[in-house]
Each structure stands twice: as structure tokens, then as C-alpha cells.
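Colleague: build me a model from this:
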Amino acid sequence: MLAYATQLTRDRAAAEDVVQEALVRAWRHPDSLVNGKGSVRGWLLTVVRNIVTDQIRARNARAPEVRESPVEVAVSGDHAEQVVNSVVVIDALSRLSAEHREVLEQVYLLGSTVAEAAKALGIPPGTVKSRSFYALRALRELRSLSAAGTERSAS
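Modeller: Below is the predicted model:
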């Protein structure tokens, strides 16, 4: 099995993983080994080939992996600006209703889908969409009021 997997993958470590997966499948499905339709060896080699084929298909289905470039130090605003922005966002979120804040936390902070957020909050998906819309609108209005207040105090 290992020789066959190595021949297919051209990588000893990957071949060892394939053989291990094939043996795990054989262990989980012992009835497939004694069904009388062929040899155990043939079944195991077929499983090895199928695992390698699945890995190749999975690799081709996603974008190629690209090595990350070294992290470059970005010259951006100072740390104080980031802190101020965080405080502004926290303040704005605290002004929302609990229902609106919960939806935004689920969707934007936790990265949940509408369906996942609905399940977590125990509300219909349409309610998640509606609350998200109105919460974002309220945040925009707060930002507009804040910007207008800043302009007045600067003049």
C-alpha cells in the first residue's frame, strides 16, 4: 500500500498519510473487506487510489497556495487614532438597543451567517436581516450627528 501510495503521490510523507487514512477506513468499515466481491488487497489499493484522487481534486478546486510575503511594517496612523476609533465604535454600539447590538455582534463580530445568527438568537432569519439593516442605519445616523457636532465645535 505504501509503495503504491508513494508512486501516486511522489511524496513519502503524503503517502504515509494516505495509507493511514485507508487503514482507518478499513477499520471503520470491516464489512467491506469480507463481502466476497474481491480481495482485501484490491479493496485497500482502490481506497488508496480514491483518497489520492480526492486530494488532487480538492487541491485543484481551491486557489493555489501562495507563500506569504514578509510582513512589511505599514506606516499608518498612530496608535492613539486606533484607540479613539475603538472608543467611538464602542460608544456607538452602546447606544443601540440590545436586540440590534446582538445581531451586529453575531453577524459582524462572530462572522455568523444570517441563518446561524437566527438560530443562535432564536429569531427568524428575516428578523436578523431587518435588525441588521436598522442597526447599521442607526450607526450611520450617529456618525452623521457626531460629524456635524465636530464641525460646529471647530468653527
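Colleague: and the helix or strand hosting Lys119, how far from the chain's centre?
Modeller: Secondary structure from DSSP states H and E places Lys119 in helix 114-121. In terms of C-alpha atoms, centre = their mean, to the nearest Å, the centre of helix 114-121 is found 16 Å from the chain centre.
Colleague: return the set of buried residues in that helix.
Modeller: Neighbour counts using 16 or more other C-beta atoms under 10 Å place 114, 117-118, 121 of helix 114-121 among the buried residues. Yep, even glycine has a C-beta here, placed from its N, CA and C like the rest.
Colleague: could you list every helix and strand in contact with the helix or strand following it?
Modeller: Remark: after helix 114-121, the chain's next helix or strand is helix 125-154, criterion DSSP H and E. The helices and strands touching helix 125-154, judged by 3 or more C-beta pairs under 8 Å, 6 or more residues apart in numbering; DSSP states H and E, are helix 79-94, helix 98-104, helix 114-121.
Colleague: how about the shortest one: buried residues?
Modeller: Spelled out, it's helix 98-104. For helix 98-104, using 16+ other C-beta under 10 Å, the buried residues are 100, 102-104.
Colleague: turn the buried residues of helix 114-121 into a markdown table, including distance to Ala61 and pLDDT.
Modeller: Compiled in a markdown table, the buried residues of helix 114-121 are given as follows (distance: C-beta to C-beta, whole Å; pLDDT from 0 to 100):
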| residue | distance to Ala61 | pLDDT |
| --- | --- | --- |
| Val114 | 25 | 91 |
| Ala117 | 28 | 91 |
| Ala118 | 29 | 93 |
| Leu121 | 33 | 92 |
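Colleague: farthest pair in the residues you listed?
Modeller: Using C-beta to C-beta, the two most remote members of those are Val114 and Leu121, lying 10.6 Å apart.
Colleague: domains of the protein?
Modeller: Taking automatic domain parsing as the domain assignment, the record places the domains of the chain at 2-61, 79-154.
Colleague: any idea which of the ones you listed scores lowest on pLDDT?
Modeller: Comparing these by mean pLDDT, the weakest confidence falls on domain 79-154, with a mean of 83.
Colleague: what is the distance between that domain and the centre of its chain?
Modeller: Computed by C-alpha atoms, centre = their mean, the separation of domain 79-154 from the middle of its chain amounts to 22 Å.
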